[in-house]
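S.K.: fold the following and give me the result.
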Amino acid sequence: MSCDGVIQYLEEIQIPIQIKDRHTCLDLNERDMYILKRGIVKVSLIMQDEREFNITFLQGPDVVSLYCDCLTQFRDCHPKIRVESEKAEFYCISKDKFYERTKEDAKLQHYVNTYYRKRLKHAVTREQVMIMNSKAGAVCSWLYRLASLFGIQTQKGIFIDLQVTNEDIANFCGITTRNSVNRVIRGLKEKNVIQVINNRIIVLDMVYLKQFTE
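M.R.: Below you'll find the model as predicted:
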């Protein structure tokens, strides 16, 4: 089963769709399970000192609450899910009902177990990239990932159809200051690797960025 199968199940039992605007944060709690049907969200961890550490972007369809469950091992941190697209559509079902169905449906059970394994693999890969690279390399690898996830091929290059601030990039790459990201972005523009138009990034040279992911 893919996430489309989860969506089909929710439609069969007539769970209503909730529409959230950009920068709306989900009310994460122990009772409810959120499933993203359409749109993009940012997953972050809020530290005890209120610093925010960005983990990833998720694009619908995706059972975003499962990702939050993956983060429960960080006992001193709290997960945060924020809408990054102009609109996002969600289903909200009680966790008890969702996991009761999971026990009865072998395909859904396999999907949940596979989800955890895939996310763990992605997390380990990301940490390896961050450790092996400099600040510039970390930014380049993240831009490559963004272009792979949300890129649209245009005549100029690959247009990343998502508003991403330098502060966001800093939080994703574990860089403490936005000024460091500013310098990296400026350097990439001077090398004609990227172009920035109206706070949107166009990747002109994917080959250059890819070298920092290997």
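S.K.: doesn't A147 fall inside a helix?
M.R.: Yes: assessed by DSSP: H, G, I helix; E, B strand; the rest coil, A147 belongs to a helix.
S.K.: show me where this structure has its helices.
M.R.: Secondary structure of the chain by DSSP state H: the helices cover 3-12, 64-70, 95-104, 106-132, 135-150, 166-173, 178-190, 206-210.
S.K.: which helices and strands does the second one pack with?
M.R.: Looking back up the chat, that one is helix 64-70. Secondary-structure packing of helix 64-70 (3 or more Cβ pairs under 8 Å, 6 or more residues apart in numbering; DSSP states H and E): strand 32-38, strand 40-46, strand 52-59, strand 78-83, helix 106-132. All C-beta spots, glycine's among them, are computed from the backbone N, C-alpha and C.
S.K.: can you report how many residues neighbour S85?
M.R.: When neighbours are defined as other Cβ atoms under 10 Å, S85 has 21 of them.
S.K.: can you check the one 4 residues further on too?
M.R.: Residues within reach of E89, counting by other Cβ under 10 Å, total 16.
S.K.: I figured it hits K37, correct?
M.R.: Yes: if you go by Cβ atoms under 8 Å, E89 and K37 touch, sitting 4.3 Å apart.
S.K.: tell me the bridge partners for the most centrally placed residue in the chain.
M.R.: Nearest to the geometric centre of the chain sits F57, at 1.2 Å (Cα atoms, centre = their mean). Going by DSSP bridges, F57 is paired in beta bridges with K42.
S.K.: hang on, the earlier thing: which one of the helices and strands packed on helix 64-70 lies closest to S148?
M.R.: strand 52-59 (11.2 Å; Cβ to Cβ).
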